[in-house]
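Asker: starting from these lines, generate the structure:
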Amino acid sequence: MTALQPDEITRIVEETARLTTDFYVFPDVGVETAAVLGDRLAAGRYAEVTDAEQLGALVTEDLQSVNGDRHLRLKFHPYEVPDVKDGALMTELTRKAETSLGGVPRVERLAGGVAVLKLAPILFPLSMTADTLTAGLNLVAGAEALVLDLRECVGGDPNTVAYICGYLFDEPTHLNTLYDRETETERDYWSPPHVPGPRFGGGKPLAVLTSRATFSAGEELTYDLKQLGRALVYGERTGGGANPRQGFTVHPHLEATIPVARAISPVDGTNWELTGIAPDVETEPAEALEAAHRALLAEIAASDSDSLSAAEAREILAGTAADLGTATDPV
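Answerer: Next up, the predicted model:
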């Protein structure tokens with residue numbers, strides 16, 4: 001248990017309020033939210049708190065009570081985290097990258113030449129995942145169609161989003177813009193003109209799978225591809241987090257995560273904050289892959305391709321192939 005004394009609680013809440021005022025992407029909301037924390041501290045809201053995890057949960061509830069921003073949190077970490085900006089985040093990312101195959105837990109060929117690339121739980125910084133991610137993207141490059149499974153993708157790095165899109169567009173494409181409060185500047189994110197190895201490209205069918213758990217950078221990748229007309233989305237509405245955050249350690253086990261920027265679509269100036277991203281084809285998340293697979297098979301079968309995969313897709317849709325699975329006859 002990470003026990004807290006009353007004076008520690010006061011300091012943590014006051015520091016979180018200050019950080020919210022100083023850095024939250026919408027200054028007026030930051031001031032209002034900080035005032036809520038101050039009022040609730042004075043009213044004894046946290047008087048019965050005895051440990052860091054409990055305090056984190058209560059303060060997060062209060063932080064999000066003003067405008068519902070789910071990136072705005074006082075996040076508890078069971079392990080001690082460094083006292084540097086984003087130190088807790090980088091520690092967490094390193095741990096998760098080591099236990100999730102670098103965020104690429106599944107690469108698979110389905111029947112009919114449809115590939116599945118699952119990206120979860122995080123779109124890790126390229127410094128952590130470049131080799132693994134590149135290998136996965138190279139493997140699916142020759143597929144007739146591709147499913148990006150983002151149903152369990154809860155965040156990540158916008159540079160990684162851009163890198164992935166480099167394999168999904170033929171030409172450099174403006175994907176997203178981030179407005180930063182501190183510098184009052186905008187940074188554009190483009191898909192890169194060159195990527196290592198073969199690319200899937202911009203002309204073949206692409207589907208994205210989502211769930212309500214899809215969040216933050218997972219949503220950005222979904223939104224970019226949908227807004228630009230590159231992919232159809234299958235599943236359910238996403239979580240609705242479009243304001244990237246920075247982390248500030250306010251206790252060895254507590255990180256104040258403060259949204260410091262906001263996303264701006266180059267297509268229409270919008271983003272997905274609070275609203276989430278509505279799927280093009282709404283299904284239960286567990287059924288999204290099958291729905292996307294069948295739709296992609298129909299596209300492949302209707303094409304003029306004479307590949308073995310296209311022939312397989314036509315056989316499946318005609319009912320002469322066994323099923324939608326991945327098994328093949330022995331040789």
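
Asker: use CA for all of it now, contacts and neighbours both
Answerer: Will do.

Asker: for Leu175, phi and psi?
Answerer: phi -100, psi -40 (degrees, to the nearest 10).

Asker: quick one: it and Ile164 touch, right?
Answerer: No. If you go by C-alpha atoms under 8 Å, Leu175 and Ile164 don't touch, sitting 11.2 Å apart.

Asker: please identify which of the two sits among more neighbours.
Answerer: Leu175 (24 against 20; other C-alpha atoms under 10 Å).

Asker: what's that one in contact with, if anything?
Answerer: Going by C-alpha atoms under 8 Å, 6 or more residues apart in numbering, Leu175 touches 162, 188-191, 224, 228, 265-266.

Asker: Pro158 too?
Answerer: Residues near Pro158 by C-alpha under 8 Å, 6+ apart: 189, 217, 220.

Asker: where along the stretch 151-300 of the chain do the strands fall?
Answerer: 174-180, 185-190, 206-210, 232-235, 245-251, 254-259, 261-264, 281-282 (DSSP state E, counting those that start in this stretch).

Asker: give me the residues contacting the fourth one.
Answerer: Surrounding strand 232-235, the residues in contact under the criterion C-alpha under 8 Å, 6+ apart are 206-211, 222, 226, 279-285, 287-289, 291-292.

Asker: just checking: what are the partner strands of it?
Answerer: Under the criterion DSSP bridges, strand 232-235 sits next to strand 206-210 (parallel), strand 281-282 (parallel) in its sheet.

Asker: just grab the bridge partners of the closest residue to Thr222 other than its chain neighbours for me.
Answerer: Computed as C-alpha to C-alpha, 6 or more residues apart in numbering, the closest residue to Thr222 that is not its neighbour in sequence is Val208, at 6.7 Å. Note on Val208: beta-bridge partners Leu148, Val233, judged by DSSP bridges.

Asker: which ones are touching Val208?
Answerer: Applying C-alpha under 8 Å, 6+ apart, the residues near Val208 are 147-150, 222, 231-234.

Asker: out of those, who's nearest Gly103?
Answerer: Comparing these against Gly103 with C-alpha to C-alpha picks out Leu150 as the nearest, at 10.8 Å.

Asker: and that closest one, how many neighbours?
Answerer: Leu150 has 26 nearby residues by other C-alpha under 10 Å.

Asker: what sits against the spatially closest residue to Thr210 that is not a sequence neighbour?
Answerer: Counting by C-alpha to C-alpha, 6+ apart, Arg151 is the residue found nearest to Thr210 once chain neighbours are left out, at 4.3 Å. Counting by C-alpha under 8 Å, 6+ apart, Arg151 makes contact with 209-214, 285.

Asker: run a quick neighbour tally on Glu98.
Answerer: So Glu98, with other C-alpha under 10 Å, has 12 neighbours.

Asker: likewise for Ser303?
Answerer: 10.

Asker: try Thr185
Answerer: Counted with other C-alpha under 10 Å, Thr185 comes out at 10.

Asker: same question for the one 5 residues further on.
Answerer: Trp190 is surrounded by 20 other residues when neighbours are defined as other C-alpha under 10 Å.

Asker: doesn't Thr275 make contact with Gly240?
Answerer: Yes. Judged on C-alpha under 8 Å, Gly240 makes contact with Thr275 at a distance of 5.4 Å.

Asker: between these two, which is the more surrounded one?
Answerer: Gly240 (24 against 13).

Asker: mind pulling up the pLDDT for Ser305?
Answerer: Per-residue pLDDT puts Ser305 at 80.

Asker: what about it, which helix or strand?
Answerer: Under the assignment given by DSSP states H and E, Ser305 is not contained in any helix or strand.

Asker: now the one 10 residues further on
Answerer: Using DSSP H and E, Glu315 sits in helix 308-318.

Asker: wait, isn't Thr238 in contact with Gly218?
Answerer: No. Between Thr238 and Gly218 there is no contact under C-alpha under 8 Å: 9.1 Å.

Asker: between those two, who's got more neighbours?
Answerer: Gly218 (30 against 25).
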